[in-house]
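Asks: Sequence and predicted structure are below.
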Amino acid sequence: MANANIIELTEANWDQEVVNSPVPILVDFWAPWCGPCRALAPTIDRIADTYAGKVKVGKLNTDEAQAIAIRHGINAIPQLMVFKGSDKPVEKPSPGVKSEGDIAKMIDGVRGGMLALTDDNWDDLVQGSDGPALVEFWAPWCGPCRSLEPTLSALAGHFKGKVFFGRVNTDESPELCGRFEVSAIPTLLFFQSGSPVDRFVGVRPETDISTRLYRLLDG
């Protein structure tokens, strides 16, 4: 497996890498002869790189680890599952090729965290989203941004699986700042189905942000 951020899972290391893992792990059940599996592979590579150090990503060849595949009811591939310190998956979408955005939402729902957004993944994760999203424009040197972090982490956990949370480092993605006319940070942009619908500039209380998110969810 070429990507150093992807673990080759086997029956020998399953318990160590999956069941007893201290962090969530995305597992791709696949086989070399499977065309849709090959089509999904570049997306899995990008997910592995994006979440490196935060979430593990592994691939299990169902031809070589049939006992695990049978135990988890694999009858079609590719099949993605997310595990969190157990042999029982916490996320199991329907089999088939999934978009990077859908996979990221699934992982973030488990982590309750905020995904780092860049020029490369913006269109797929935000612009192509079919639901609500909250994006923070921030920078590591920004004191008010740091003070807002606990609030956003709490909200990401509260709205996990319902709202996509992401953040843009303005130092690294000036094009996105220009695109959305971000001139001060922190700036929170609220999106619905890929389109910006509102923004908050500066530190805001948790109640203000949650109220706006509930309005997005209510349509």
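Replies: Now that the structure is in, tell me what you want to look at. Being a predicted model, the structure only gives us computed values, none of them experimental.

Asks: contacts, neighbours, all on C-alpha from now
Replies: Noted.

Asks: give the contact list for the most centrally placed residue in the chain.
Replies: The residue lying closest to the centre of the chain (C-alpha atoms, centre = their mean) is Ala104, at 2.4 Å. The neighbourhood of Ala104, defined by C-alpha atoms under 8 Å, 6 or more residues apart in numbering, consists of Ile47, Leu115, Leu125.

Asks: Output the residues you listed as JSON lines; include the columns neighbour count, pLDDT and secondary structure.
Replies: Formatted as JSON lines, the contacts of Ala104 follow (neighbours: other C-alpha atoms under 10 Å; pLDDT from 0 to 100; DSSP: H, G, I helix; E, B strand; the rest coil):
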{"residue": "Ile47", "neighbour count": "22", "pLDDT": "95", "secondary structure": "helix"}
{"residue": "Leu115", "neighbour count": "20", "pLDDT": "74", "secondary structure": "strand"}
{"residue": "Leu125", "neighbour count": "25", "pLDDT": "80", "secondary structure": "helix"}
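
Asks: Specify which member of those is nearest to Leu80.
Replies: Lowest distance from Leu80 to the contacts of Ala104 (C-alpha to C-alpha) belongs to Ile47, with 12.4 Å.

Asks: Looks like the closest one contacts Glu100 (just checking).
Replies: Yes - here Ile47 lies in contact with Glu100, judged by C-alpha atoms under 8 Å, at a distance of 7.1 Å.

Asks: Which SSE is immediately downstream of the worst-scoring helix or strand of the chain on mean pLDDT?
Replies: In the chain, no helix or strand scores lower on mean pLDDT, DSSP states H and E than strand 115-117, which sits at a mean of 76. The C-terminal neighbour of strand 115-117 among helices and strands, as given by DSSP states H and E, is helix 122.
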